[in-house]
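**Q** coordinates for the following, if possible.
(chains A and B)
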There are 2 protein chains.
Amino acid sequence: MTVTTEQEPMAKATITTPADRDFRIERIFNAPRERVWQAMTDPELVAEWWGRGNKLMIERLEVKRGGHWRFVEHGPEGVHGFEGRFREVTPPERVVQTFEWDGMPAYVIINTTTLEDLGDGRTRLVTTSLFHTTEERDGFLQSGVERGMNESYAALDRVLAKMG
Amino acid sequence: MTVTTEQEPMAKATITTPADRDFRIERIFNAPRERVWQAMTDPELVAEWWGRGNKLMIERLEVKRGGHWRFVEHGPEGVHGFEGRFREVTPPERVVQTFEWDGMPAYVIINTTTLEDLGDGRTRLVTTSLFHTTEERDGFLQSGVERGMNESYAALDRVLAKMG
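**A** All right, here's what the predicted structure looks like:
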């Protein structure tokens, strides 16, 4: 399955399902790798884009091996908590962390994100999300997460442009 | 693979690997189900057996859907933290929760435990542990966890006898 969403000619998010319990997102950002890393790890910057325009409380963001993170998004549809823990942090290129939504507690996704320096001032982000079961993966993909992800990345585009 | 460890005629712990990413433990306790449930969920009682004789700090034990737990064991080999979250809590028969050791942060096991009332004052505990990968399952089984588990269950036997 391949779902491609056009954002603008340069920035497309591509979601694929390479195996039976994972999915893979690829997205190019018009900013150097160090800037993308900073926007993904600095709490004040994360608060500007992760919630897609909704108010986001960064309760914890300990970007190091074993560190915890917890965000609470206050949107028109209600309050949603998200949390997890860092398995691996290698600035500015790779982070492995768990992801859990309060609405489905103890259903844990392993997100592996790599940032590739494209050498022309742009950065390719690739995230692979691994689930415990195929059913959890399929349920997640059908929950409208793709739209939310694209909204977050569009907001991240704006934050990166402002930082430049 | 089947590994059987004799404790005493009545109480054997059996570990099997039903599929490629899980293992299953079965153990009979000489106590009624409600008592076993209490010993597994009351912080003061858990502190008496979970650490196998080592000092155990119960930092959190919120036995409800979405609740968190965190234990810190102070043993001769050092200090080890363990934590997780509850997916499902159905007293006195079933609990589903995540399990994570600080030494391997963000490697998450899903433990499903059922307590079966055997009708003769005894209780059968069955725990199935699901891992994200086969390698994680195999590494866990080779880490000496079986001995630790049997020590915990033997300590639980003693707590249950004292409660009776």
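
**Q** average pLDDT across the longest helix anywhere in chain A?
**A** Longest among the helix segments of chain A by residue count, using DSSP state H, is helix A:145-163. Here the mean pLDDT over helix A:145-163 is 94, rounded to a whole number.

**Q** quick check: buried residues in it?
**A** Under the neighbour-count criterion of 16 or more other CB atoms under 10 Å in any protein chain shown, helix A:145-163 has A:Val145, A:Glu146, A:Met149, A:Asn150, A:Ser152, A:Tyr153, A:Ala154, A:Ala155, A:Leu156, A:Asp157, A:Val159, A:Leu160 buried. Heads up, the C-betas are built off the backbone N, CA and C, glycines and all.

**Q** list the residues that contact the third one.
**A** Taking CB atoms under 8 Å, 6 or more residues apart in numbering or on different chains as the definition of contact, the neighbours of A:Met149 are A:Ala13, A:Ile25.

**Q** alpha carbons of the lengthiest strand in chain A, as CSV, please.
**A** The longest strand of chain A (DSSP state E) is strand A:78-90. Listed in CSV are the C-alpha atoms of strand A:78-90, where the atom choice follows Å, rounded to 0.1, in the frame of the first residue of the first chain:
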residue,chain,number,x,y,z
GLY,A,78,-10.8,17.3,23.6
VAL,A,79,-7.6,16.7,25.6
HIS,A,80,-5.3,14.0,24.4
GLY,A,81,-2.2,12.8,26.2
PHE,A,82,0.8,11.1,24.5
GLU,A,83,3.9,9.6,26.0
GLY,A,84,6.8,7.4,25.6
ARG,A,85,10.5,6.8,26.3
PHE,A,86,13.7,7.1,24.4
ARG,A,87,15.7,4.0,23.4
GLU,A,88,18.4,5.7,21.4
VAL,A,89,19.3,9.3,20.7
THR,A,90,22.1,10.1,18.2
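
**Q** and the angle from that strand to strand B:78-90?
**A** 150 degrees (axes from the mean of the first three to the mean of the last three CA atoms, to 10 degrees).

**Q** mean confidence for the very next helix or strand once past strand A:78-90?
**A** Scanning forward in sequence from strand A:78-90, with DSSP states H and E defining helices and strands, the next element found is strand A:94-101. The average of the pLDDT scores along strand A:94-101 is 98.

**Q** so which bits of the helix or strand following strand A:94-101 are buried?
**A** Remark: after strand A:94-101, the chain's next helix or strand is strand A:109-117, criterion DSSP H and E. Taking 16+ other CB under 10 Å as the neighbour-count basis, strand A:109-117 is seen to contain the buried residues A:Ile109, A:Ile110, A:Asn111, A:Thr112, A:Thr113, A:Leu115.

**Q** is chain B within reach of strand A:109-117?
**A** Yes - between strand A:109-117 and chain B, judged by CB under 8 Å from any CB of the partner chain, the touching residues are A:Ile110.

**Q** sheet partners, orientation included, of that strand?
**A** Taking DSSP bridges as the criterion, strand A:109-117 pairs within the sheet with strand A:94-101 (antiparallel), strand A:123-130 (antiparallel).

**Q** dump those to TSV, plus mean neighbour count.
**A** Formatted as TSV, the strands paired with strand A:109-117 follow (neighbours: other CB atoms under 10 Å in any protein chain shown):
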stretch	mean neighbour count
strand A:94-101	20
strand A:123-130	18
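
**Q** using CSV, lay out those strands together with distance to B:Ser129.
**A** Putting the strands paired with strand A:109-117 into CSV (distance: least, CB to CB, whole Å) gives the following:
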stretch, distance to B:Ser129
strand A:94-101, 17
strand A:123-130, 17
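
**Q** wait, which of those is closest to A:Arg27?
**A** Taking CB to CB as the criterion, A:Arg27 comes closest to strand A:123-130 out of the strands paired with strand A:109-117, the separation being 4.9 Å.

**Q** between helix A:145-163 and that closest one, find me the angle.
**A** Interaxial angle of strand A:123-130 relative to helix A:145-163 (the same axes, to 10 degrees): 150 degrees.

**Q** counting contacts, what elements does the next helix or strand after strand A:123-130 pack onto?
**A** If you walk from strand A:123-130 toward the C-terminus, the next helix or strand you reach (DSSP H and E) is helix A:134-141. Using 3 or more CB pairs under 8 Å, 6 or more residues apart in numbering or on different chains; DSSP states H and E as the contact criterion, the elements in contact with helix A:134-141 are strand A:22-29.
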